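Here is a sequence with its predicted model. Questions after.
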Amino acid sequence: MNADVVDSIAPFVRWEICLSAFLIGLCVALFNLSRIKDKVRRRCSAGIDFLWTVFSGVSIVSALVVFGDFAWKGYVDSYDRKIRATWDQLAKIDGKMLASLNCPNGKPVAESQIGLAKGSVSADVPCVRASQIIYWQTQWADHTKDIQKFCPSSDISFVTRDYSHASDHLITASCTGISACDKARCDQEHDALEILMATHSKAGLLMKPDKTLSSYRVGLEEAYQLSMRELYIRTHPIENTTAFFVFIPLWALIFGMRLARVITEYIDPAGKRNFFHFAKKKLWVKICRFLKWANGAS
């Protein structure tokens, strides 16, 4: 839920707005119901019950919308954890083993040939990419030491890293920060991105995998099996869900009306009194009786 959606919802979910609507509904309905009697009062009461039933139905849909948001957030968190777990696996890929499997002489190529210089382009072949993985894993180890120095221990791995303050959950999410910890995390995340890119070939030339690379690929495939679009449709069958929050103050208003109906029927069931009769000095006696009855009913 982005900031624009939150700003559009905020005026309708404020406690003071809903409490004011409740008091208005209570007072207006109490005043009018006490002035009418017999069949007219019963029809008005039935109308209030009808509105209350309708808005109770709307409230069920609203509850489904809210809990749908909770479920969606749970799915997103689960998806993020699975993806971040695969990022942690990037550091465990055995680059030297990959070089021995994919390079002609079983040895990685020189750093000058893997495209480290600015503007240089490396060959998209398995041996070069295996050599890139070796280099960037070395950088990963060095930058992890910086994380240990400037960050909480939970920031060492992606799966336990706190992204709550980040603007997005991309692999380089910490690069928007300015603190020493953010800088250390950003460097490590950049290393992870480079390793991730080295494991994939634009030309379609796949590296011969060992157990570590195969494990990474299996984990990534399992993470991608979670269809986020399908889950969103399942938890949000109604597209414009923010419209239901508009009904909350109206629901509070009708709740006040519904409560006024109960109070009026208890104090004056025959419909022979009026509002000003309630204001007489004996009103407190009726209120006490009502509270006593309510307490006994509960």
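Yes, it's here. Owing to the predicted nature of the structure, the values given are computational and were not obtained by experimental measurement. Residues are numbered from 1 along each chain as shown.

average model confidence for the helix or strand hosting Asp88?
Remark: Asp88 resides in helix 38-90, with elements defined by DSSP states H and E. Average pLDDT, helix 38-90: 84.

by contact count, what packs against it?
Contacting helix 38-90 under the criterion 3 or more C-beta pairs under 8 Å, 6 or more residues apart in numbering; DSSP states H and E are the following elements: helix 15-33, helix 180-198, helix 211-224, helix 228-235, helix 247-267. Where you see a C-beta, it was placed from the backbone N, CA and C, and this is true even at glycine.

what sits up against the longest one?
Pointing back at helix 247-267 there. Helix 247-267 is contacted from outside by 12-13, 17-19, 21-30, 33-34, 41, 45, 48-49, 51-52, 55, 58-59, 62, 273, 278, 286, 290, 293, using C-beta atoms under 8 Å, 6 or more residues apart in numbering.

Now do the host helix or strand of Thr138 against helix 211-224, angle only.
Using DSSP H and E, Thr138 maps to helix 126-150. Computed by axes from the mean of the first three to the mean of the last three C-alpha atoms, to 10 degrees, the angle separating helix 126-150 from helix 211-224 equals 80 degrees.

For helix 126-150, which outside residues touch it?
The contact list for helix 126-150 (C-beta under 8 Å, 6+ apart) reads 90-91, 93, 95-96, 98-99, 101-104, 108-109, 111, 113-116, 122, 155-156, 179-181, 183-185, 187-188, 191-192, 194-195, 198-199, 201, 205-208.

let's see it at 6 Å
91, 95, 98-99, 102-103, 108-109, 114, 122, 155-156, 180-181, 184, 187-188, 191, 194-195, 198, 205, 207 (C-beta atoms under 6 Å, 6 or more residues apart in numbering).

do stretch 214-233 as well
Here stretch 214-233 makes contact (C-beta under 6 Å, 6+ apart) with 75, 79, 82-83, 86, 89.

Point out where the chain drops to low pLDDT.
1-6, 167, 229, 235-243, 270-298 (pLDDT under 70).

center of it - which residue?
Lys73 (3.7 Å; C-alpha atoms, centre = their mean).

where's that residue relative to Ser215, distance?
Per C-beta to C-beta, to the nearest Å, Lys73 is found 29 Å from Ser215.
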